[in-house]
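**Student:** sequence first, predicted coordinates after that:
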Amino acid sequence: MMLEDDLRTTLREHADEPVVRPDLLDQVRAGIRRDNRRRVAVLGAAVLLVAVVAVPVAVTNGRAPDPVPLQSAPADPAGWERPRMDPPTFPLTPGWTPSGLGASRVGRAGPSVLLTYERGPTEHVEVEVGPEPGAWWAEGDGSDRATTVSGRPAKVRVVGADVYQGMNPGEDQYVGIRWQLADGRWVQVGSEGHSTESDVLRFARGLRLRTVPASPVPFTVATAPAGLVLQTMTENYLCLAPAALLADRDGGRGVCIVVEPPGEDTKPAPEDERLTVGGRRATLSDNPEGPDSLTVPLDSRRVLTVYVKQEDVPLTREQLIRFAEGTTLNW
């Protein structure tokens, strides 16, 4: 099974399991990691490399980085350019939202656009609009029921916390609603937390065809292979891919950037290459096709990782470093 199969499995099918809704980034990372470990096992060997790279990774958080000698930085590879960053707008505007939800954020996952809200660490409401039905966040128990949303036939699924793990039993639940617009696009509303079925239905029925403006792009990329466009975007995650992959429902295509808190998933594997990049510790993971990811701890709270799918955007080791070098955090 190739990496794209892993991603398809995690991003489409795993959402039907009776567990807490997995984050898009977790799905993509898990697919990449499984694929790497499988290939390493086939090769039957891994060596620990320690190297020093004299190329600074100028990753910032919107302010000027500490001065770093740039005379050793390579020129942009031939054919590289500043990539197109066209953040999506959202076609539906809520007329009412459950109390206490934070500000909305617009994102993208392939051809689908997302409108997300959060209330604390465990309560989420998300609306997805795309050419195909979205995924349910939990497996149904046969109690799905029919209703209508804005005069259109719809399906409602409610799953309690005793089945939908990770929530507070007796207090939280998952509510999902799916319907098709008159123009053929599908809408999927998902809620996990305290919101009741009636609340989520009220929210869904209040959606109107009015555009929500684009949210800020989380990163600026100074240079990348020519022809890349925004394929996936969330608050702290962004992927650039060839324009032909924009229609792929699987998020995480091309070359992706994420900043997240340190954890088990950001720790290097024994076979990863150890680097010093611009004075920072870094690790690089690869497979027979080429480099796979570059991870740079920024501080005690944030780790930046750049992932690449070589079949989408072939990059050499030096090009992956150069890509990360031109990345700026916008938040």
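**Tutor:** Yep, it's here.
**Student:** what segments of the stretch 51-200 of the chain are strands?
**Tutor:** 80-81, 90-93, 105-109, 112-119, 123-130, 145-149, 152-160, 173-180, 186-193 (DSSP state E, counting those that start in this stretch).
**Student:** what helices or strands is the second one leaning on?
**Tutor:** Read it as strand 90-93. Strand 90-93 sits against strand 112-119, strand 123-130, strand 208-212, with contacts defined as 3 or more C-beta pairs under 8 Å, 6 or more residues apart in numbering; DSSP states H and E. Just so you know, the C-beta spots here come from the backbone N, C-alpha and C atoms, and that holds for glycine as well.
**Student:** out of the ones you listed, nearest to Lys309?
**Tutor:** Go through the helices and strands packed on strand 90-93 one by one with C-beta to C-beta and the one that ends up closest to Lys309 is strand 112-119, at 19.0 Å.
**Student:** name the surrounding residues that touch the closest one.
**Tutor:** 88-92, 94, 97-98, 100-108, 124-131, 134, 193-194, 212, 234, 249 (C-beta atoms under 8 Å, 6 or more residues apart in numbering).
**Student:** point out where the stretch 201-331 of the chain drops to low pLDDT.
**Tutor:** For the stretch 201-331 of the chain, applying pLDDT under 70 flags the ranges 278.
**Student:** what's the spacing between the nearest residue to Asp248 once chain neighbours are set aside and Gly130?
**Tutor:** Excluding the flanking residues, the one nearest Asp248 by C-beta to C-beta, 6 or more residues apart in numbering is Gly110, at 5.0 Å. According to C-beta to C-beta, to the nearest Å, Gly110 and Gly130 sit 8 Å apart.
**Student:** so what's in contact with the two at the same time?
**Tutor:** Arg249.
**Student:** which one's more surrounded, the two?
**Tutor:** Higher neighbour count among Gly110 and Gly130: Gly110, with 22 against 18, using other C-beta atoms under 10 Å.
**Student:** could I get the contacting residues of the more buried one?
**Tutor:** By C-beta under 8 Å, 6+ apart, the neighbours of Gly110 are Gly130, Gln231, Thr232, Leu245, Leu246, Ala247, Asp248, Arg249, Asp250, Gly251, Arg253.
**Student:** quick check: it vs Leu230, distance?
**Tutor:** 11 Å.
**Student:** same question, Pro297
**Tutor:** Taking C-beta to C-beta, one finds Pro297 at 26 Å from Leu230.
**Student:** when these two are compared, which one has more neighbours?
**Tutor:** Leu230 (20 against 16).
**Student:** for the one helix or strand that one maps to, name the packing helices and strands.
**Tutor:** Per DSSP states H and E, Leu230 falls inside strand 228-234. Packing contacts for strand 228-234, counted by 3+ C-beta pairs under 8 Å, 6+ apart, involve helix 24-43, strand 105-109, strand 237-242.
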